[in-house]
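Asks: what would the 3D arrangement of this be:
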Amino acid sequence: MWISENKVLLTWIVLALTLVAVFLYSPGASPLISVLTNIMFLTIFVFCLFIVIREKHWGNKIIFLNFMLFAAYFLITALYPLTGYSIFTNTDFARHFHYQYGTIYYHIFLLLAVSYLVIDLLFRQRGILIKYVISLSIVSVVTFTYYGSFFEDSKYLYNHPDFRDWYAVDSGYYKLQKESGEIPTAEQIASVVTLNAWKDGKPVGELYENEKIARINELLPYVEGQNYMVLLMRPLHKANVYINTFTIFLIFLFFAYQFKK
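Replies: The predicted model follows:
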């Protein structure tokens, strides 16, 4: 036991020091809270890793393996400050893709860990393979329902109607401001831009004048500074909310079953 505890501690220290080194010496900005969060995930990862190694019962081993895969998210976030600077330097949108698919990884594997835990509780007498297939089926359906667009189009956020409309409004806004030196009105912007009507993410025509002005007024708050990032990330964050809601439902189901028992 003494040797095992020291192995756990040594593994944690080595990985934690690596995370701190990346934080201190990476050219990309990374807030301190990110390092603290990574260390928390690292702690979960190391504990789960040694439990998986030592656990004799395969049912319990799979449970902790799932949580280990979820906690491996610290590897993704730890590399984010290096993305675009030291790694993937020749890839356009490298940091965007890193954040986008890193976020998706987090939510998918959290859902898998919780799903298997609930399925294992509800179907005690079933084999591990059957329970894992059921869990993967749940995760697959939910994933492709809410994240399918991100796998079909890696630049889905940039091609989303909201962002494409914003880009047209933003271009018209700064063009008019540069020419006149004054802040343009929605009516003035409407005279120099064309906005599409959208259906299922595809343009099906142009907006009428009154509709275009209303749409411009809706998008104008996102023109200032970095406000557009809220608009850009909104579809991803919306999908995350749906996934989290489903995960919370499974957690509720877990405790409801335990209460009933």
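
Asks: all strands for the stretch 101-250 of the chain, in order.
Replies: Assigned by DSSP state E, counting those that start in this stretch, the strands in the stretch 101-250 of the chain fall at 196-199, 202-206.

Asks: and those strands, which is most packed in?
Replies: Here the criterion is mean neighbour count by mean count of other Cβ atoms under 10 Å, and of the strands of the stretch 101-250 of the chain the winner is strand 196-199, at a mean of 14. The way it works is simple: take the backbone N, C-alpha and C, and place the C-beta from them, glycine included.

Asks: run me through the strand neighbours of that strand, direction for each.
Replies: Paired neighbours of strand 196-199 in the sheet (DSSP bridges): strand 202-206 (antiparallel).

Asks: which parts of the helix or strand hosting I62 are buried?
Replies: For I62, the host element (DSSP states H and E) is helix 58-71. For helix 58-71, a neighbour-count test (16 or more other Cβ atoms under 10 Å) marks K61, I62, I63, F64, L65, N66, F67, M68, L69, F70, A71 as buried.

Asks: wait, the first one touches V52, no?
Replies: Yes - using Cβ atoms under 8 Å, K61 is in contact with V52, at 5.5 Å.

Asks: sorry, back to before: so what secondary structure elements neighbour the helix holding I62?
Replies: Helix 58-71 sits against helix 32-54, helix 94-122, helix 128-146, with contacts defined as 3 or more Cβ pairs under 8 Å, 6 or more residues apart in numbering; DSSP states H and E.

Asks: show me the helices in the stretch 151-261 of the chain, by range?
Replies: With DSSP state H, counting those that start in this stretch, the ranges of helices along the stretch 151-261 of the chain come out as 156-159, 161-180, 186-190, 209-219, 228-260.

Asks: can I get these in CSV with mean pLDDT and mean neighbour count?
Replies: Below are the helices of the stretch 151-261 of the chain laid out as CSV (pLDDT from 0 to 100; neighbours: other Cβ atoms under 10 Å):
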stretch, mean pLDDT, mean neighbour count
helix 156-159, 96, 16
helix 161-180, 94, 17
helix 186-190, 94, 19
helix 209-219, 95, 17
helix 228-260, 93, 14
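
Asks: hmm, back to that, so which of the helices and strands packed on helix 58-71 is nearest K178?
Replies: helix 94-122 (27.3 Å; Cβ to Cβ).

Asks: averaged pLDDT, that closest one. What do you get?
Replies: Helix 94-122 carries an average pLDDT of 94.

Asks: which elements pack onto it?
Replies: The contact analysis (3+ Cβ pairs under 8 Å, 6+ apart) places helix 94-122 against helix 58-71, helix 73-79, helix 128-146, helix 148-152, helix 228-260.
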